[in-house]
Structure formats: structure tokens, C-alpha cells
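1. Sequence plus the predicted model coming up.
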Amino acid sequence: MQLKRILHADDDPDIRDIVQMSLDFFGDFELTQFPDGASAFAAFQDVKPQLLLLDYMMPGMTGPELWQEIAKHDGYQKIPAIFLTAKAESSVSEVLMLKGAAAVILKPFSPDALADEINKIWESWNARR
Amino acid sequence: MIRKFARNISHSYVTFAVAVSVICLSVGFVLIQRDNAYYVKGQRAAAGAEIRRTANELREKLFGMGLVAERLGTLASSAEGVSRDDLEQIANQLLQHHGEVISVAIAPDLVVTHVSPLKGNERVLGTKYWQIPSQFAGIARAFRSQAPVFVGPITLVQGGKGYILRYPVFKAGKYAKAGKFWGVVSIVVSERGLVSAPVTDGAFMPARLALREVRADGTVQQNLFGDPAIFRENPVTEHVSVVGGHWQIAAVPVGGWAASSPNSPWIAAAVGLVTLLLASAILIIRHYAVKSHETFNVLSHAIESLEEGFLLFDRDNKLLMANSRVAEYYRIPADKLVPGLPYDEMVRHAIRRQSAGEVVEGQATEVLTSDAEAERMAEAEAADGVQQLVDGRWLKTSNAVTPEGYTVGVRFDISAQKSAQLAAEAATRQQSEFLSTVSHELRTPLTAIAGRAAFLAKTHNLPVSKKLMAAIQKDAPDMAEIAQLAQDQFDGISGQGQRIIAASDLLLSLVNDLLDWAKAEGSELKVTPEVILANDVAVNIVDEMKFQAQAKGLSLICMCAPARVMADPARLRQVIYNLVGNAIKFTPKGTITVTVRNKGQRVIIGVEDTGVGIAQENIDMIFERFKQVDGSDTRSFGGFGLGLTIARKIVELHGGRLTVTSKVGEGSRFEFDLPKASAAASAAAAKAAAKAEKAAKDAAALEQHRSDETSLQSAAS
């Protein structure tokens, strides 16, 4: 299945801007962005995302919390989540992977490679399923 | 304390020894008294037996003599009279049974006509009694009383002394019935023959006897035998009534009644010995008891002086000994922590004390841990562990079981070590968190810089670039379109560059904060105070940051009075910048006011906001390094949390103090004071400024002069 709809949540406008440019220029996605977890959760059923691209630390609701809440809803239990985080501690990545995250991408990331990386993760995720 | 306790013990034993001695001696005294009484009772019994024997003997003698005398009297006063042979025959019968009888005589009309035996008594014949007053007195008494009279001892006619029974004989009949006095029958008894020698009986001494005749009314008629004083010596007495007379016999032991039994010295000696032995035994026991108590006290005091808590339980887990540290640690009243207290009860005491509202919930859990430990101790398991007390102190518990099955517990206060360990762990954790924070905070602007730079590095990939290239490569290029696309391209690149600069500024600011903090930590942060106008610095910052505040819809104002201070201008700017920056960051709406005012020799600079405020319990935390009130993953604000730490350090280096007052939901006010510049310093500074200004003007004039020269030279060439 082709990956089209991505829900991106990050409180840093710079990151949202760079991710948008990156995925627009180097990919073919329908990207919907939110500045925090609460607004993303409120709108996710309209967006109908196939993949979540989430910041780890956000005010109000963290990335993992948003993922957990979305996954409670029918059709989203198995939705792949990729975390973009500046938290370099391996423990954070390990915990997320253990919880079933599709991947953890560490900031700073390479904008021109982001789209390809997401596509690869998507394919790998679907292959595992 | 030890000596006092030992002395108390000593006194108790001495008192006991004295009491035992008194009891022993009392028992001995009673024994001796009883033995004496028994002995005297025996004496009296023996004396009683003696006088009964004597009385019987006397009774028998007198009765016999009375019969003989009566018979002789009857015969003699009869018509036939008494012949010599009759007298001999009757007298011999008496003499056969009573060897003590000396003679039997018949004296009609008070002249002795017959005497038997004749031998040895010849001088008696023909005796006319009225001629011998000593003899006549008894006869007269017998005549008067018309009854036999026993008298003596008196001097006898035949020589020596003796007793005489005078039996009055009346012709017409016997005794009182007689009409005419006939004469008298006399029976003489030897002085020694009246009472035979006393019989000695066993341990008792021979008795001394006394005999006296008493009248019917009890008065003494005459003393017959022995020492009359015997009657006054509490004698044993016996009454004898025979041949019309009454006699009283008295007996006392030779030497009197015993004051003490012959056994008394032995009893006294035995009692004394027993008393001595008992008292000695008690005093020996006392000696060892005192030693034992002293040893116990020394041990107790040694245990009491330990800095560790000490507990000793018996096999049944009942408390034998505990020092006051234990009471202090577990907050058990001293009167409850007594020997015999079961361990689980001790823990219950502790729980009661600790659950009386002195404890927070988390600490009460530690007490319950102690309860579990009580179980372990009850099973005599040497379980070592660490427990936290309600007052926050930490105890290391160490338990061991003695070969006798007793449990010894030692409680070490390891609060210092534990605090150091916790502090070290906290420092390590803080360092780790710091590194994580630094990494996270640096990566955030770096992501922006790297990401945007990546696009700039491949500008041809930008959509606007592609459109521009397409417009240029058209067969008939539209210059207006190309110009517009070129402008868009420039704007895009410029926008990316500005964002990169902004992110770089943030990055630089973070790096500077790190450096300043590192300097402050190493005491390398220096300030170079000079005379400056604090209000100028404040106004400049407000002007610079006004747009940033307005972007958030905030109003930033300055109420700054002219104030000349001694301060490092760059550092003062850094402090105010930080405070205003924080205020903008943490104020969602409202106003931020910067104030500068003079107060005596100090200048007070304040930054007040209408922001989220800080809870009272977090006030101190905000000045700690790497601390933000919200340190969670959902925090709204980034940064190292070093700004206020550095600001406070800078203010302190200026001799001031940075304080904060705040109320949650209403806002915060940060305020610090700086020394006001003195007049002399201000004048010097003004002079220096004027000099610098003149130098600048001179330099400008020189530069203008050179420029003019160059222009002239160019024109000339």
C-alpha cells in the first residue's frame, strides 16, 4: 500500500517547516501538521493518517501519549509511529521501540533523506505485518 | 551512677544480713527462754517429787507415832495401866519401823515413869516436865489444845536435840472429851531423823527442805526443820495434815532455782554460730552481687555510651536491654522501652508514635518494613538492612544470634553516608540530566540550522528555483515573470538565512549560558564595575525586546528613574535581558514592567510580570542549576535553566541580592539591588567619558582631514 497521509505533530515551528519542505520536495505525501498533541488528537480522525510522525516532547500531551490515545481507536491500533526527538539517550529510543514504535529518528536529521527514510520504514513496517 | 547502684545493692544485702541476724538471735533467745523454762519446770517437778516423798514419809512417821502414842495413852489411862513390858513391846514395834525414834516415854502427871528403850534414856526417868520450861511449853500447848503437838528441835533431857510428839492423855476419854488430865505420852525423834536426806535426781541438784507447822488460819505456828527463808524462795510446797496438826513442807533446789539451763550456753553458741554463718554467707553473696551489678552497670553504661542503637532480645524475642539511642531512633518513650517488652510490641509502640500524625505516608511505609524486620528477628535470622526513620535519618540494621539463642541488634545511624550517597547519586543523575538537557537544547536549533542549510546547499532543488529555470529556458522568456520568480527565490533564500541566523543566535545564547555557568561554577566569572546609568541599560533592553513581547501580545514597559550605579554594563544587561526574556517566556498575556528606582545608597531594579507565577514550594528551585519548575516531557519552555543561576551569581558579584516574590496565576516579581555610584566615581567617569569623546572627535577630524587631503590629491591628479 502506498503511503500518502502523514500526521506530523511538533511544537517547534522550525521543525514543522523543515519537515514540510523536506517531504514536499522529496516525497509525495499528504502531510498534515499540528503544533501540539491535543490539536492533533482532536483532528486525527479527519486526517485519517496512515503514519504518525511525532515529536517526543510536546507541551500538554507528549508524542508517545498522543500515539497511545490514537491507537485506542478502531482502525488505528496498529498505526506505525515514527518519533522525531532531540533526546539522544539510548534509553528513550529503546523504550519507544519496545513499546512498538516503527522507528526513532534523532534530531538533527537530514531533510533531503527524510522522505526516503519514511518510505523505507513504511515498507519495512508493512513487510513485518 | 554505678557506685550509687552498687551502694544500694550493698545496703540491701547488709540490711538483709542484719535482719537475718536479728531473727536468728531472736529465735535463739526464745529457744534459750524455753529451754530455761523447761529446765526450771523439771527442777520444780523434781523438788515436788522430793517434798511429796518427804511429806509421805512425814505423814507415815507422824501417823505411826500418833497411833503408838494413842495406844499407849489409852492403855496408860485405863484402869489396868500400862506395864513396862507393854511399853517395851509397843515401843519396839515403833522402833523397828522408825529408826529415827529415840525414845517413847509415859509421864503421868507430867513425871516420866516409863521410857523405852531404857538404854541411853535413863536420865529421862523421873523427869518432871514442869521443871524444864523448854519441854513444858509443848506439853502446855498440847494440854490446851487437847491434841497431839509436835515440837522441836529442842534440847533433849537425854542429850542432843530432837523432835517430840506430845500426846496429851485424859482419863475419862480421848482428847477433848476427857474429863481429867492424866499425863502425856512423848515420842522423841532424833533431829536428823524427822526428814530423811533428800534424794538426788539426775541433773537436778539436791533440794533444800523446810518444814513448818501452820495453824488452821494459815499463820505459822513454828518452824520445825530447815531454813525458814526457803519459804520465801518461790518453793514447791506440800501440805501435810496428820495427828491433829498441819504442816507445810517447802523445797527449793540447793543453790536456788536455775537462772538458766545448763544447755543455754550451747544453744547460745549454736545460734551464734548459725547467725554468723548466715550473715557471712549473705555478705559473701553481697560481695559477688555488688561485683556482678558493678560489672552489669559498667556494661550497661558502655552500651549506653555507644553512638549506635543497641538491642538485646532473649530466645522469646523479649527485650533484655536497649540503650537510649533505640528509644530516640524509634521514638519510643523510655518508660515503655523496658526489659520484657516483646519486639513486635516495641514495633507497635513505634508505629503508634509514628502514626500519630508526625509522619508522611512514605515514611510510615518504612515503619512497616520494620515490622517485617521484627518477624525476621523473631525467627532469629540475621537479616541486615537499611531503614529510614520518620525524621528522615537512615539506619543500618545489623542483627546476630548468640550461641545462647539471644538476638543482638545494632542500629547504625548512616544518615551522613546515606546523604552523601544520595547526594552523589543526585549529582550523577543531575549531571546525566544536564547532559541530556544540553544535548536536547543544542540539537533543537541545530536541527533548524542543519535542515535549512541543507536546502540552501541544494538551491536548485527548490520549487521556485525549478520554476525560475523553466521560465528562463522558455523560448520567449517573460522578463516580468522571471523577475518575479527571481525575487521569490531571493526572498526564500533570505527567509531561510534569517531563520538560520535566529537559530544560530539561540544556539550562541545557549553556548554563552553554558560558558557563563561554567565560569560561575569555577569562580572565574568576573565583573568589571564602572559608573553607568542603569535606566539607560533597562530602556535599551525594553526597546530591543518590545517587538518580541508584542509578538506574544504582551505589553513591555519601563518605569525607570535615572540611577547611576557601579556595575559591569555587559553583565547588567545580561541579567535584565534574562529576567525580561523569562518574563516574556512565562507570561501568556498582560504586561511586563521593568522598574529602576533609587533607595538610599542602593538602586533597585525589578522585572514584574502578570504571568503563570511560581508556586511557593518551587521558589528555591528556580535558582538551582539546570532546574525548571516544569522539568517534564510536556514542558512548554526550553532552555537549560541556567539563566537565573547565572543572573543571581552576577548580582552577587556586584554585592547585591536577587530575590523573587510570586503568586501562582498572578505573576512574579524579580528584584535585585546594586550599589549606587558615589559622586567622586561619577565625576571621574564623566571626565573619562568626556576625554574619550574628545579623542573620538579628534580622530574623526583627523580622518576628515586625511580624506580631504586625498580628495585634493585626486582632484589635482
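-> Alright, I've got the coordinates.
2. Residue B:106 contacts residue B:87, doesn't it?
-> Yes: in this structure, residue B:106 is within contact of residue B:87 by Cβ atoms under 8 Å, at 6.4 Å. (Glycine included, C-beta is placed from N, CA and C.)
3. Mind jotting down where the strands sit in the stretch 101-250 of chain B?
-> B:101-108, B:114-116, B:149-155, B:161-170, B:181-190, B:207-214, B:220-225, B:236-242, B:245-253 (DSSP state E, counting those that start in this stretch).
4. next one: the fourth one to chain centre, how far?
-> For strand B:161-170, the gap between its own C-alpha mean and the chain's C-alpha mean amounts to 97 Å (Cα atoms, centre = their mean, to the nearest Å).
5. Could I get the full set of strands for the stretch 351-500 of chain B?
-> Going by DSSP E, counting those that start in this stretch, the stretch 351-500 of chain B shows strands at B:385-388, B:394-401, B:407-413.
6. can you list the weak-confidence ranges in chain A?
-> Low-confidence segments of chain A (pLDDT under 70): none present.
7. Spell out which residues of it are next to chain B.
-> A:12, A:14-15, A:17-18, A:21-22, A:24-25, A:56-62, A:86-89, A:106-112 (Cβ under 8 Å from any Cβ of the partner chain).
8. For burial, what's the neighbour tally of residue B:52?
-> 14 (other Cβ atoms under 10 Å in any protein chain shown).
9. Confirm for me that it is in contact with residue B:237.
-> No: applying Cβ under 8 Å, one finds residue B:52 not in contact with residue B:237, separated by 10.6 Å.
10. what's the span of stretch B:140-151 from first residue to last?
-> From its first residue to its last, stretch B:140-151 covers 12 Å (Cα to Cα, to the nearest Å).
11. Distance from it to the middle of the chain?
-> Counting by Cα atoms, centre = their mean, stretch B:140-151 comes out at 96 Å from the chain centroid.
12. Over to stretch B:209-221?
-> That offset, for stretch B:209-221, works out to 81 Å (Cα atoms, centre = their mean).
13. end to end, how far does it reach?
-> 17 Å.
14. does the residue most central in space within chain A count as helix, strand or coil?
-> Centroid check for chain A by Cα atoms, centre = their mean gives residue A:53 as the closest residue, at 1.0 Å. Assigned by DSSP: H, G, I helix; E, B strand; the rest coil, the conformation of residue A:53 is strand.
15. quick one, strands of chain A?
-> A:5-9, A:30-34, A:51-55, A:81-85, A:103-106 (DSSP state E).
16. In its sheet, which strands sit next to the third one, and in what direction?
-> For strand A:51-55, sheet partners with direction are given as strand A:5-9 (parallel), strand A:81-85 (parallel), following DSSP bridges.
17. just the shortest one next, same as before
-> Strand partners for strand A:103-106, identified by DSSP bridges, are recorded as strand A:81-85 (parallel).
18. Then the second one?
-> Taking DSSP bridges as the criterion, strand A:30-34 sits next to strand A:5-9 (parallel) in its sheet.
19. What pLDDT does the model give the closest residue to residue B:63 other than its chain neighbours?
-> Spatial nearest neighbour of residue B:63, excluding adjacent residues (Cβ to Cβ, 6 or more residues apart in numbering or on different chains): residue B:242 at 5.3 Å. pLDDT, residue B:242: 79.
20. Can I have the buried ones of the residues of chain A next to chain B as a PyMOL selection?
-> Only the buried entries of the residues of chain A next to chain B go into this PyMOL selection, using 16 or more other Cβ atoms under 10 Å in any protein chain shown:
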select buried, chain A and resi 12+14+15+17+18+21+22+25+56+57+58+59+61+62+86+87+88+106+107+108+109+111+112
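21. Helices of the chain, start to end?
-> All of this is about chain A. A:13-26, A:37-47, A:63-70, A:90-98, A:111-128 (DSSP state H).
22. hm, I was asking about chain B
-> So, for chain B - with DSSP H - the helices run B:2-77, B:84-97, B:133-145, B:264-304, B:324-330, B:343-354, B:361-378, B:415-457, B:463-472, B:479-521, B:534-551, B:569-585, B:643-653, B:679-716.
23. Check the average confidence over the second one, would you?
-> Per-residue confidence for helix B:84-97 averages out to 82 on the pLDDT scale.
24. Report all helices and strands that it contacts.
-> Here helix B:84-97 touches helix B:2-77, strand B:101-108, strand B:114-116, going by 3 or more Cβ pairs under 8 Å, 6 or more residues apart in numbering or on different chains; DSSP states H and E.
25. Quick one: find the helix or strand in chain B with the lowest mean pLDDT.
-> Taking mean pLDDT, DSSP states H and E as the measure, chain B has helix B:361-378 as its least confident helix or strand, at a mean of 44.
26. Residue B:622: neighbour count?
-> Neighbours of residue B:622 (other Cβ under 10 Å): 20.
27. no no, residue B:693
-> 10.
28. Chain A versus residue B:246, what's the distance?
-> Relative to chain A, residue B:246 is positioned 137 Å away (Cβ to the nearest Cβ, to the nearest Å).
29. Same check on residue B:153?
-> Where chain A is concerned, residue B:153 sits at a distance of 143 Å (Cβ to the nearest Cβ).
30. how about stretch B:582-595: buried residues?
-> B:582-587, B:591-595.
31. what does stretch A:118-129 give?
-> Neighbour-count burial for stretch A:118-129 [16+ other Cβ under 10 Å]: A:118-119, A:121-122, A:125.
32. what's the closest of those residues to chain B?
-> residue A:118 (15.0 Å; Cβ to the nearest Cβ).
33. Out of the helices of chain A, flag the one nearest residue B:675.
-> Taking Cβ to Cβ, helix A:13-26 is the member of these nearest to residue B:675, at 42.4 Å.
34. by contact count, what packs against the closest one?
-> Counting by 3+ Cβ pairs under 8 Å, 6+ apart, helix A:13-26 packs on strand A:5-9, strand A:30-34, helix A:111-128, helix B:415-457, helix B:479-521.
35. and if we set it to 7 Å?
-> strand A:30-34, helix A:111-128, helix B:415-457 (3 or more Cβ pairs under 7 Å, 6 or more residues apart in numbering or on different chains; DSSP states H and E).
36. Return the most buried member of these.
-> Each of those was scored by mean neighbour count; the highest is strand A:30-34, a mean of 18, by mean count of other Cβ atoms under 10 Å in any protein chain shown.
37. where among the helices of chain B is the average confidence lowest?
-> Looking at the helices of chain B, the bottom one is helix B:361-378 with a mean of 44.
38. How about the residues of the stretch 451-600 of chain B by chain A?
-> B:451-452, B:454-455, B:458, B:461, B:499, B:503 (Cβ under 7 Å from any Cβ of the partner chain).
39. need those in JSON lines with distance to residue B:67, can you?
-> Converted to JSON lines, these look like this (distance: Cβ to Cβ, whole Å):
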{"residue": "B:451", "distance to residue B:67": "171"}
{"residue": "B:452", "distance to residue B:67": "175"}
{"residue": "B:454", "distance to residue B:67": "175"}
{"residue": "B:455", "distance to residue B:67": "179"}
{"residue": "B:458", "distance to residue B:67": "182"}
{"residue": "B:461", "distance to residue B:67": "184"}
{"residue": "B:499", "distance to residue B:67": "174"}
{"residue": "B:503", "distance to residue B:67": "169"}
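40. Just the closest of these to residue B:184, please.
-> residue B:503 (176.7 Å).
41. looking at it, the closest one is touching residue B:448, isn't it?
-> Yes: with contact defined as Cβ atoms under 7 Å, residue B:503 reaches residue B:448; the gap is 4.0 Å.
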